[in-house]
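Asker: fold the following.
(one chain, ligands or ions: 1)
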Amino acid sequence: MPEPSVMVIFGGTGDLASRKLMPALYDLARQRLLPSAFVVVGVGRGEMTDAEYRAQLRDAVARHSRSRPVDEDVWRSFAERLTYVSVRAEEGYADLRRRLEQLDRDLGTEGDRLFYLATPPAAYVPIVRSIGRHDLRGGGWARIVVEKPFGRDLASATALSRTLQEVFDEDEIFRIDHYLGKETVQNILVFRFANSIFEPVWNRRYVDHVQITVAESLGVDDRTEYYDEAGAMRDVVQNHLLQLLALVAMEPPIAFDANAVRDEKVKVLRAIRPIREEDLGERAVRGQYGPGFIEGDPVAGYHALPEVAPESKTETYVGLKLFVDNWRWEGTPFYVRHGKRLPKRATEIAIQFRSVPHHLFSEDARQGLEPNTLVVRIQPEEGISLKFGAKVPVQGIRIRSVAMDFVYGASFLVDAPDAYETLLLDALRGDATLFTRQDEVEEQWRLVDPIIAAWRTGPDVPPAYPAGTWGPAEADLFIARDGRRWRQP
Ligand code: BG6
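Answerer: Numbering: from 1, shown residues only. This is a model prediction of the structure:
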């Protein structure tokens, strides 16, 4: 159980607060996982009473909580812990400070504070400076949760970090990558390091290659302003996708604690061979969706969206071939891809093993045999499956691939917590294991910055792919050159 504390959400009326943070806090309250003395202070620019704020959030929770309908008793006691402060200008911070001190006196929260930056990123620096200037930290512990994007490149990420560190120590800064809070993502660590049978084959001797896919059927409809600048590389590859790769490729940490786990992840990120401009053709591919169909319904292409300039070269699809240059993985390609408007939502990691050194069975018998593959399905249909060859029950030898399957829903009859529940609770407890450290963020930018720069400034435009297909033809060629093909999740 976290200690009594006050959580201050900057951007308390924004989209993230309504869609993710409040529903997650309500779900934690429902499970009685919040401390008895706990209050959420929403900070926004508009004027609003506490009653109006609560009514607005009641709607958000009803729409986005994972347990619907809303339990009225739980809601009532949760709503009592919600309060709103309007901060329009610098003087507003003095009011905020007074309110926080009052809450400490009334509730016995002893100046323990969790700040949450849920505003557009442009507001991060001024808010952090104001927290410092007005000494909002209180007398107890103070932590700050920062939403991605952490900068837009290496230089801005470092500058943001410097500002944060003017007011907070690195171990008080919690950078959220919500993928790390997903149950199945945490399970990568359990699968690898709580079992003894997988680790011996988890290396270049046995693994032919790894494929990591983060596919979405959604487009970018209402986020064009942000997305047109960010693109698929900054939006998902730089963070979620590289974090998945780090978890798959890392060495066993010496302990399950924040620094030990992050030390190992950062070593992987550092070992990724840089993609130089001259390697781009061979190691990176991009695309941009055109009009097409998703589940039979027509959808517009990226260029047809309002606010997207006709000459926009923003990529909505990225495929990369990465190498982790270390003892364990030397020479084993990691093919990673992410795209919007692909045929379906599917995130998975597929470890494809090498074929046997010598074939005992005839080519005919082996026709239905596919390579041994271990697939970690992150979402949906969370689970893990291992594909292997089995004899078809007929006379003579015929082999077909079959799967051993672990399905979360069937093995555990409880709903997994939402990633934000897990991460908020961890931040309240002060456990940073599932948050990214500054050195990880920097390595991630170091890898993607040159690719983005070359793509955005070069003369070529991203090849188009029809919405509802698995990316541009170039993406298939890209992997086919190595004699391999993308899996169909
Ligand atoms: C966010 C990106 O970080 O992750 C979105 O900004 C993306 O563009 C989302 O859709 C994917 O998250 P999830 O949890 O839906 O897989």
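
Asker: give me the residue from the protein nearest the ligand.
Answerer: Closest contact between the chain and the ligand, by C-beta to the nearest ligand atom, is at D235 (4.8 Å). (Glycine included, C-beta is placed from N, CA and C.)

Asker: is it true that that residue touches Y227?
Answerer: Yes - using C-beta atoms under 8 Å, D235 is in contact with Y227, at 6.5 Å.

Asker: how about the residues of the stretch 301-450 of the chain by the ligand?
Answerer: Proximity of the stretch 301-450 of the chain to the ligand, by C-beta under 6 Å from any ligand atom, involves no residues.

Asker: quick one, helices of the stretch 301-450 of the chain?
Answerer: For the stretch 301-450 of the chain, helices defined by DSSP state H, counting those that start in this stretch occupy the ranges 408-411, 419-429, 438-457.

Asker: between the two ends of stretch 163-177, how far is it?
Answerer: For stretch 163-177, the first and last residues are 20 Å from each other (C-alpha to C-alpha, to the nearest Å).

Asker: pull out the buried residues from that stretch.
Answerer: Residues T163, L164, V167, F168, E172, I173, F174, R175, I176, D177 are the ones in stretch 163-177 that count as buried (16 or more other C-beta atoms under 10 Å).

Asker: could you pick out which of these are near the ligand?
Answerer: Subset of the buried residues of stretch 163-177 in contact with the ligand: empty, counting by C-beta under 6 Å from any ligand atom.

Asker: make JSON lines from those residues and add secondary structure and distance to T49 to it.
Answerer: Formatted as JSON lines, these follow (DSSP: H, G, I helix; E, B strand; the rest coil; distance: C-beta to C-beta, whole Å):
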{"residue": "T163", "secondary structure": "helix", "distance to T49": "33"}
{"residue": "L164", "secondary structure": "helix", "distance to T49": "32"}
{"residue": "V167", "secondary structure": "helix", "distance to T49": "30"}
{"residue": "F168", "secondary structure": "coil", "distance to T49": "31"}
{"residue": "E172", "secondary structure": "helix", "distance to T49": "32"}
{"residue": "I173", "secondary structure": "strand", "distance to T49": "33"}
{"residue": "F174", "secondary structure": "strand", "distance to T49": "30"}
{"residue": "R175", "secondary structure": "strand", "distance to T49": "33"}
{"residue": "I176", "secondary structure": "coil", "distance to T49": "30"}
{"residue": "D177", "secondary structure": "coil", "distance to T49": "35"}
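
Asker: quick check: the farthest pair among those?
Answerer: Farthest pair in those (C-beta to C-beta) is V167 and D177. Separation: 21.7 Å.

Asker: okay, A403 and V74: tell me how far apart.
Answerer: Distance of A403 to V74, given as C-beta to C-beta, to the nearest Å: 41 Å.

Asker: what's the angle from the helix or strand hosting V41 to helix 419-429?
Answerer: Taking DSSP states H and E as the definition, one finds V41 inside strand 38-44. Here strand 38-44 runs at 110 degrees with respect to helix 419-429, directions being taken by axes from the mean of the first three to the mean of the last three C-alpha atoms, to 10 degrees.

Asker: contact partners of strand 38-44?
Answerer: 2, 4-14, 17, 22, 25, 53, 57, 81-87, 96, 99-100, 103, 107, 109 (C-beta atoms under 8 Å, 6 or more residues apart in numbering).

Asker: swap in 6 Å and give it another go.
Answerer: Residues from elsewhere that reach strand 38-44, judged by C-beta atoms under 6 Å, 6 or more residues apart in numbering: 6-10, 12-13, 53, 81-85, 87, 103.
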